[in-house]
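Colleague: I would like to see how this sequence folds:
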Amino acid sequence: MSKRDTSSDETNGTAAIIEKLLSGQSFTHKSENFNKNRCMQFFLCYCFLLGFLDLWVSTRLSGLQQAARDITPVFIRTMPSAYFDDTTQEMRLAHVKAIIAAEASGMAQTVTLRDAKDHNFTFISNRSYPGQLGEFVKRLPHDRPLTSAKVYTSQHGDWVLDIFHFGEHQSHDPTDRAQSAKAKVVYRFVE
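Modeller: You can find the predicted model right below:
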């Protein structure tokens, strides 16, 4: 058996011993390769990593919770009313979750979201600059028709949401009363 194979067996054996120790099972180990010091080192390292991981997760969760408490009311108060009229509840929740995660990370970034069916693509950024819309359009798929593009900016410019919708184009339906009323306004303009 090569030295590498022995080390692997030793590590696997140590892990099995630690599992038995943690579960409270009694055991005897007859392997010549068993090393009590190595087992103890592995066990202490394992405990340290579990403690560190728990602390890291707790810290991240509390940061996300605080960001959610801080951001959600500001988002609702500062986004234009057209945003709430034009988007679904599912889209709004996805947007605010992405903003919370981005803000909690502490990194300025542009977040890209798309729905499960790839009908809606949203780019969320924390600033607006010349050429930004063109950059987003270049990142969109070119294999299907783009039916609408809408841009929403929060009152203070903290968040910019560019939403692109893909799908089959739906033509004007003259039997739909709401559409007919809007069409009449356009016709009046040209008469």
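Colleague: Show me the chain divided up by domain.
Modeller: 3-61, 81-191 (automatic domain parsing).
Colleague: now the strands for the chain?
Modeller: 111-114, 120-125, 146-153, 160-166 (DSSP state E).
Colleague: nearest to residue 105, of the ones you listed?
Modeller: strand 111-114 (9.9 Å; C-beta to C-beta). C-beta: built from backbone N, CA, C; applies to glycine.
Colleague: got a list of contacts for the closest one?
Modeller: The contact list for strand 111-114, computed with C-beta atoms under 8 Å, 6 or more residues apart in numbering, reads 94-95, 98-99, 101-102, 120-125, 139.
Colleague: Just the buried ones among those, please.
Modeller: 94, 95, 98, 99, 102, 120, 121, 122, 123, 124, 125 (16 or more other C-beta atoms under 10 Å).
Colleague: which one of the contacts of strand 111-114 sits closest to residue 174?
Modeller: Of those, the one sitting nearest to residue 174 (C-beta to C-beta) turns out to be residue 120, at 27.6 Å.
Colleague: right, and the closest one touches residue 167 too?
Modeller: No - the pair residue 120 / residue 167 is not scored as a contact, 9.2 Å apart, by C-beta atoms under 8 Å.
Colleague: Now do the helices in this structure.
Modeller: Along the chain, counting by DSSP state H, helices occupy 3-23, 36-78, 81-86, 89-105, 132-138, 177-190.
Colleague: Run through this protein and note the low-pLDDT ranges.
Modeller: Scanning the chain for pLDDT under 70 picks out 1-64.
Colleague: farthest pair in the buried ones among the contacts of strand 111-114?
Modeller: Top of the distance list for those (C-beta to C-beta): 102 and 120, 18.4 Å.
Colleague: Could you pull out the buried residues of stretch 130-148?
Modeller: 132, 136, 140.
Colleague: what's the spacing between the last one and residue 185?
Modeller: In this structure, residue 140 lies at 31 Å from residue 185, with C-beta to C-beta, to the nearest Å as the measure.
Colleague: before we move on, back to that, tabulate the contacts of strand 111-114 (JSON lines), appending distance to residue 71.
Modeller: Below are the contacts of strand 111-114 laid out as JSON lines (distance: C-beta to C-beta, whole Å):
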{"residue": "94", "distance to residue 71": "14"}
{"residue": "95", "distance to residue 71": "11"}
{"residue": "98", "distance to residue 71": "11"}
{"residue": "99", "distance to residue 71": "6"}
{"residue": "101", "distance to residue 71": "10"}
{"residue": "102", "distance to residue 71": "10"}
{"residue": "120", "distance to residue 71": "21"}
{"residue": "121", "distance to residue 71": "22"}
{"residue": "122", "distance to residue 71": "16"}
{"residue": "123", "distance to residue 71": "18"}
{"residue": "124", "distance to residue 71": "12"}
{"residue": "125", "distance to residue 71": "15"}
{"residue": "139", "distance to residue 71": "25"}
